[in-house]
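K.L.:
Sequence and computational prediction follow.
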Amino acid sequence: MYTWKSHFILQADYQHWANEVLFAALDHLQPEVLASDQGLFFQSIHHTVDHMLVVSQTWLARLKGEACTTDYRTIHHPDWRELKNVLRRETRHLQDWLASREASFYDIPCRFTASDGSSKEMWVRDALTHLFTHYAHHRGQISAVLTRLGGPCPEMDFVYYRREMAKLLRK
């Protein structure tokens, strides 16, 4: 039976897979290029990936009902390899945490303090949809910069994930 819970566990797995595809393509770039201003909202590829991680950590804290403050202007993980590994662990941790929730969890509101200090409320399923589309948004921006720099165009679409998973299950 397909539920919100199964949907978001699958989406978390897809996020991990898509990040790996992106990282494999980014490995063609030199570290100084990853850190250079590429005209992204967060200037560099590195800062944009760091932002993805920080947003994931922020939303997980909100979903857990924990207070958190976030500084989006700072790069929290200046070492590129460490950043990739922390994002990998964070994405798997989120997936495991989502799997440990009751099915009813996805049908409740999430109350939190927004970055501007205001009180907000949104359904858990909407918060998770926002988080996962946020990942896709920034991966798309990074992919455009990567191809502009002459790197490979990573195939990160959900349909490619499903095809790869189906192929793995047939083995």
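P.N.:
Done, it's in.
K.L.:
From the centroid of this protein, which residue is nearest?
P.N.:
Most central in the chain under Cα atoms, centre = their mean is Tyr135, positioned 4.0 Å from the mean C-alpha point.
K.L.:
Correct me if wrong: that residue contacts Gln15.
P.N.:
Yes: shown here, Tyr135 and Gln15 form a contact pair, counting by Cβ atoms under 8 Å, at 5.2 Å. Glycine gets a C-beta too; all of them are placed from N, C-alpha and C.
K.L.:
Can you give me the distance of the residue nearest to the centre of the chain to Thr113?
P.N.:
From Tyr135 across to Thr113, the span is 22 Å (Cβ to Cβ, to the nearest Å).
K.L.:
Leaving out sequence neighbours, find the closest residue to Lys64.
P.N.:
Nearest in space to Lys64, with sequence neighbours left out and distances taken as Cβ to Cβ, 6 or more residues apart in numbering, is Trp97 at 8.0 Å.
K.L.:
Start from the N-terminal end of this protein and give the strands.
P.N.:
109-113, 119-123 (DSSP state E).
K.L.:
among the ones you listed, which is the most enclosed?
P.N.:
Most buried of the strands of the chain by mean neighbour count (mean count of other Cβ atoms under 10 Å) is strand 109-113; its value is a mean of 15.
K.L.:
Quick check, pLDDT for Arg170.
P.N.:
Predicted confidence (pLDDT) for Arg170: 89.
K.L.:
Repeat that for Thr69.
P.N.:
At Thr69, pLDDT is 84.
K.L.:
now Tyr14
P.N.:
So, for Tyr14, pLDDT stands at 98.
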